[in-house]
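J.: give me a model of this one.
(2 chains, ligands or ions: 2)
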Amino acid sequence: MLRLALKMLFGDRAKYAMLVCGLSFCALLMSQQTSVFCGLLLWTTATVRNIRVPIWVADAKVEQVNEVVTMREVEVQRVRSVPGVDWAVPLFWSILQARLPDGTFQGVQLTGLDSASLVGRPAKMLEGRIEDLQLPNAVIVDQVAIEKFAKRGIRLHVGTVFEINDKEARVVGICETERSFLGQPYVFTTYSRALQYAPLQRKLLSFILVHPKKGTPVPELVHRISTLGGLRAFSSDQFAWDTLIWYVRNTGIPISFGTVVILGIVVGIAIAGQTFYLFVHENMRYLAALKAMGAGFSVLAKMVVLQAFTVGFIGYGLGVGLAALFGNAVLRKGQPPFYMPWQILAFTGVVIILICLFSALVGLIKIARTEAAMVFK
Amino acid sequence: MSTPPSMDYAVKTTALGKTYGKGDNVVQALKAVDFEARCGELLMIVGPSGCGKTTLLSVICGTLHYDTGSVSVFGQDLARLSSGKLTAFRGKNVGFVFQQFNLIPTWTALENVTVPMLLNGSSRASAETAASALLKEVGIGDKLNALPSELSGGQQQRVAIARALVHEPRLLICDEPTAALDAASGKKVLQLLKERACRPDRGVIVVTHDSRIFPFADRIAEMEDGQIKAMHGPGECQSLYV
Ligand SMILES: Nc1ncnc2c1ncn2[C@@H]1O[C@H](COP(=O)(O)OP(=O)(O)OP(=O)(O)O)[C@@H](O)[C@H]1O
Ligand SMILES: [Mg+2]
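T.: Numbers count the residues shown, from 1 in each chain, chains lettered A, B, ... in the order given. Ligands and ions are numbered 1, 2, ... in the order given. The predicted structure is shown next:
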């Protein structure tokens, strides 16, 4: 009977197609939008992953990594004096305007690394050597900078010269970074040169990067530094999480994505539920005939549930598959952001299962209410 | 009149009553119907539209609840069966032929005919063997894999008859089996029923408006306004309404 139930479903091409389309649209919308949402959130924490240190220290007012409250440089000394600190180095990070050779401007994330150690250096150099940052006026730019410059017809390469605040910046290397939420390219230089590029301010230190001594647990050290007063320390994981949560709480991003996801669910329920109801409704004569011929409620229920879950399964596969294809294409291009952890697949699956259950229930209620005697009508 | 032992009856009803609706809209569809169908005969129920023929049939086969009186099918009082048991009883003992055929449009002739056996727990293989043998018998042997839409009305009703008989039910219920067919096909269907369905251990009940098929009946129950008005024996069927 179950084989025949499937034939009944597949035989009704129009409704079958409609059901699968509705459910795959729903699955696509949900998984794609949540993946873009997750990708976007991930972008907000790109700096944490690009700099790669276990502990970040910032002004006590700082809540997330894309926000800078400058500190006095003596704070580095204070942190170094905390027991358990292996090393602590300054980091300059700020958005500044670069003036390109054609006279136009481009915002950049100027990142000044401790001159001696170059802690926070990019993970991957595509061209040039990181050590060349010690050369006069040297900067290293990332792949995003190449894209941005290329849009203006400027081919960026080792040796290109541009200006930041009227001061010369000479490209000595090209690195690969994880793209950030802010969209501007990273420009790496040394801490001391970053201060020269930056507009004059009383305090210029953005972050202090810390590494614990062997045997000192990160949380322990984070706690010790935070109790110094005026400073706040984060483990890198915590900093990333705090940043994510900050964006969820303080921006409209979750609302706009949430709306689309809810829309997807509503459309899915509406299309799938309604089509399935229609499917059962139009087959009511036949289901009633089966009932008259001795098919009990449990047999009919199994048939209907199988039908609902079959379209659910196929719709889910198609929808998630399309979302993954989209993600694949997008990741190759670099944007928009896309991150599809298994939780998204599971979440989408659960929602599709709920929609199927709902649809099957609607059909079953109809079947239970029908008298087998209607076949004689 | 002496009463034969109850097991000779395929169906027996006593003082059967059924009303539809409530309040002002009450319709008394069956008014204390005493009726019996015997094994081995083809019994027709005839009468004007709305007289309660379909209602009687639905109650007899246990697809409709009745209000008063009793129905027994092969000695089994239907009121004593739970709804699940009743469905199973129907699946095992009753075959149906409907006016609208009710063949499932996306299943082949063969698949449609296997259904009653599958519902009774037969394997697909044995159901298909029995179904294809029966379809050959009713003259559809070359259309086993045709969809109902690819068959003529007469052919569809033959498939439906095969479906009604495949699980060897003891009672065959036909509601207006010829209403959707032309005269020639209708006659052929009745011939088929007469030849294949009528057996000494089986009751066959045919509800019909179609006076052209009256001669095929062994007895005819004439209904009017929810009651059996007259029973006509074998001798009279030839002459009625022709
Ligand atoms: N589900 C229902 N609800 C209310 N009234 C009904 C229902 N089914 C039948 N009736 C009424 O019960 C009476 C008997 O109906 P039934 O269908 O048994 O007649 P019938 O003899 O089969 O008629 P026909 O020859 O037109 O098929 C009619 O008056 C009909 O209107
Ligand atoms: Mg009727």
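J.: the helix or strand containing A:Ala14 - contacts with which helices or strands?
T.: Secondary structure assignment for A:Ala14, by DSSP states H and E: helix A:13-44. Applying 3 or more Cβ pairs under 8 Å, 6 or more residues apart in numbering or on different chains; DSSP states H and E, one finds that helix A:13-44 contacts helix A:236-250, helix A:253-282, helix A:297-333, helix A:342-369. The C-beta positions use only the backbone N, C-alpha and C, and glycine is treated the same way.
J.: between the ones you listed, which one is nearest to B:Gly21?
T.: Shortest distance between B:Gly21 and the helices and strands packed on helix A:13-44, using Cβ to Cβ, is found for helix A:342-369: 17.1 Å.
J.: buried residues in that closest one?
T.: By neighbour count on 16 or more other Cβ atoms under 10 Å in any protein chain shown, the buried set for helix A:342-369 is A:344-345, A:348-349, A:351-352, A:355-356, A:358-364, A:367.
J.: out of the residues you listed, who's nearest A:Ser115?
T.: A:Ile344 (42.6 Å).
J.: against chain B, how distant is that closest one?
T.: To chain B, A:Ile344 is 36 Å away according to Cβ to the nearest Cβ, to the nearest Å.
J.: now A:Ile146
T.: A:Ile146 is 58 Å from chain B, where distance means Cβ to the nearest Cβ.
J.: quick one: classify the nearest residue to that residue once chain neighbours are set aside as helix, strand or coil.
T.: Nearest residue to A:Ile146, sequence neighbours excluded (Cβ to Cβ, 6 or more residues apart in numbering or on different chains): A:Leu156, at 4.9 Å. At A:Leu156 the chain is in coil, as set by DSSP: H, G, I helix; E, B strand; the rest coil.
J.: wait, doesn't A:Leu156 sit right on A:Val171?
T.: Yes. With contact defined as Cβ atoms under 8 Å, A:Leu156 reaches A:Val171; the gap is 6.6 Å.
J.: looking at those two, which one has more neighbours?
T.: Taking other Cβ atoms under 10 Å in any protein chain shown, A:Leu156 and A:Val171 do not tie; A:Val171 has more neighbours (24 against 21).
J.: right, and the more buried one touches A:Ile164 too?
T.: No. Applying Cβ under 8 Å, one finds A:Val171 not in contact with A:Ile164, separated by 12.0 Å.
J.: who are the contact partners of A:Leu306?
T.: Taking Cβ atoms under 8 Å, 6 or more residues apart in numbering or on different chains, we find A:Leu306 in contact with A:Leu2, A:Ala5, A:Leu6.
J.: follow-up on the earlier one: and the helix holding A:Ala14, what's buried?
T.: By neighbour count with 16+ other Cβ under 10 Å, helix A:13-44 contains the buried residues A:15-16, A:18-44.
J.: got the angle for that helix vs helix A:236-250?
T.: 120 degrees (axes from the mean of the first three to the mean of the last three Cα atoms, to 10 degrees).
J.: does anything pack onto the helix or strand that helix A:13-44 is followed by? Which helices or strands?
T.: Sequence-wise, the next helix or strand downstream of helix A:13-44 (DSSP H and E) is helix A:46-51. The contact analysis (3+ Cβ pairs under 8 Å, 6+ apart) places helix A:46-51 against helix A:236-250.
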